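Trainee: sequence unknown, structure follows:
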């Protein structure tokens, strides 16, 4: 939407065509995961990591998921352990040995018996987060100094010391979530490895593509900070993803122009205006009745389209039900009023 406003001269635009000083754009390369099914770190990635570490290079591994595993379920009946306060699965955090809700903060201990089918010893963890990645990397490179950075491990008292160690190069392997993707100037950082690129698109937000593009560009910018050209390696099963082509070739404007075409064809912002009304209540009957009344009132306005009401993507958070009404209009002043 910002790019659209630039093209229509609503915003004044100053373009920075080069990186600071002698810095060059890093080379972005894809690592084909199709031969490494169910692996967190592919054989190719491990081989490249070995080469980098053996040459005393510093690397950053990005995994944008907190905890150890995002899903804990029963291998017998498939029942996933949910939060009692929210309509969302609990995430296993191995360091705390607890299941944690990332929305309300609920913590509970691991269970040995499935609450659904009552079978014992069938509870397993599925998927991987930063804790599991760190565990695997430590198993491969147990003699190297490794640091793991996420909102769970971030502590002001120790962070300054960690930053100093990274800047001096004594830490060779940095493993981090999105928290390390921007703003840091690691002069000695040689390479960036993105492990979970394919998972980033698991989102219903219309801005998902541009958010993925921005995050990938931001984390790529952690390398090639000085006069040496760094490298970025992206693990993916989806080798034909057009986003990756734009990233590899540094075709930012082409990406935005193509995104605008998609938005225009679907009549989405910036070619129309969307506003979401989110209703919350502890009583589901209340929220359903109220949302229908609001829809009826909005239906009196001919200049807008009303969608819903429907349950929000996460229907239940912190013991409250959530319903959403979406308004679409080509009359921005009407939406603002």
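Mentor: On my side now, so go ahead. It should be emphasised that the depicted structure is a prediction, and the values quoted were computed from it without experimental measurement.

Trainee: ok, the residue nearest to residue 327 when sequence neighbours are not counted - how many residues close by?
Mentor: Spatial nearest neighbour of residue 327, chain neighbours left out: residue 275 (4.7 Å); criterion: Cβ to Cβ, 6 or more residues apart in numbering. Quick note: C-beta positions are derived from backbone N, CA and C, even for glycine. If you count neighbours by other Cβ atoms under 10 Å, residue 275 ends up with 13.

Trainee: pLDDT score for residue 275?
Mentor: With respect to pLDDT, residue 275 scores 90.

Trainee: buried ones in the strand or helix carrying it?
Mentor: Per DSSP states H and E, residue 275 falls inside strand 273-281. The neighbour-count check on strand 273-281 (16 or more other Cβ atoms under 10 Å) flags 273, 277, 279, 281 as buried.

Trainee: In contact with the last one, which residues?
Mentor: Under the criterion of Cβ atoms under 8 Å, 6 or more residues apart in numbering, the contact partners of residue 281 comprise 287, 290, 320, 321.

Trainee: and which of these is nearest to residue 143?
Mentor: residue 320 (49.9 Å; Cβ to Cβ).

Trainee: all helices in the stretch 1-150 of the chain, in order from the N-terminus.
Mentor: 2-7, 43-54, 130-140 (DSSP state H, counting those that start in this stretch).

Trainee: Over to the stretch 201-337 of the chain?
Mentor: Using DSSP H, counting those that start in this stretch, helices in the stretch 201-337 of the chain cover 208-220, 242-248, 252-265, 284-298, 332-336.

Trainee: and of the contacts of residue 281, the nearest to residue 215?
Mentor: Scanning these for proximity to residue 215, where the rule is Cβ to Cβ, the winner is residue 320, at 29.9 Å.

Trainee: pretty sure that closest one is touching residue 279, no?
Mentor: No: judged on Cβ atoms under 8 Å, residue 320 makes no contact with residue 279 at a distance of 9.8 Å.

Trainee: Run the angle between the top strand by length along the chain and helix 284-298 for me.
Mentor: The longest strand of the chain (DSSP state E) is strand 304-317. Strand 304-317 and helix 284-298 are oriented at 170 degrees to each other (axes from the mean of the first three to the mean of the last three Cα atoms, to 10 degrees).

Trainee: other SSEs contacting strand 304-317?
Mentor: Strand 304-317 sits against helix 284-298, strand 320-329, with contacts defined as 3 or more Cβ pairs under 8 Å, 6 or more residues apart in numbering; DSSP states H and E.

Trainee: Give the partner strands of it in its sheet and their orientations.
Mentor: Sheet pairing here is set by DSSP bridges, and for strand 304-317 it gives strand 320-329 (antiparallel).

Trainee: now for the contacts of residue 281, which pair is the farthest apart?
Mentor: Between any two of the contacts of residue 281 (Cβ to Cβ), the greatest distance is 13.2 Å, for 290 and 320.

Trainee: Pull up the pairing partners for the strand holding residue 275, direction included.
Mentor: strand 320-329 (antiparallel).

Trainee: Just the pLDDT at the residue sitting furthest away from the middle of the chain, thanks.
Mentor: Distance to the chain centre peaks in the chain at residue 300, reaching 39.3 Å (criterion: Cα atoms, centre = their mean). For residue 300, the pLDDT comes out at 89.

Trainee: again with the one 3 residues further on
Mentor: pLDDT recorded at residue 303 is 87.

Trainee: got it, and residue 91?
Mentor: Residue 91 is given a pLDDT of 96.

Trainee: Repeat that for the one 10 residues further on.
Mentor: What the model reports as pLDDT for residue 101 is 96.

Trainee: For the nearest residue to it once chain neighbours are set aside, give its distance to residue 235.
Mentor: Leaving out its chain neighbours, the residue that sits closest to residue 101 by Cβ to Cβ, 6+ apart is residue 83, at 3.9 Å. The gap separating residue 83 from residue 235 is 30 Å, by Cβ to Cβ, to the nearest Å.

Trainee: Then residue 290?
Mentor: 46 Å.

Trainee: neighbour-wise, which of the two wins?
Mentor: Neighbours were counted for residue 290 and for residue 235 using other Cβ under 10 Å; residue 235 has more, 21 against 15.

Trainee: Low-confidence ranges, the stretch 101-250 of the chain, go.
Mentor: 156 (pLDDT under 70).

Trainee: Run a quick neighbour tally on the nearest residue to residue 70 once chain neighbours are set aside.
Mentor: Nearest residue to residue 70 in three dimensions, chain neighbours excluded: residue 127, at 4.5 Å (Cβ to Cβ, 6+ apart). For residue 127, the tally of surrounding residues (other Cβ under 10 Å) stands at 18.

Trainee: Residue 162 too?
Mentor: Counted by other Cβ under 10 Å, the residues lying close to residue 162 total 17.
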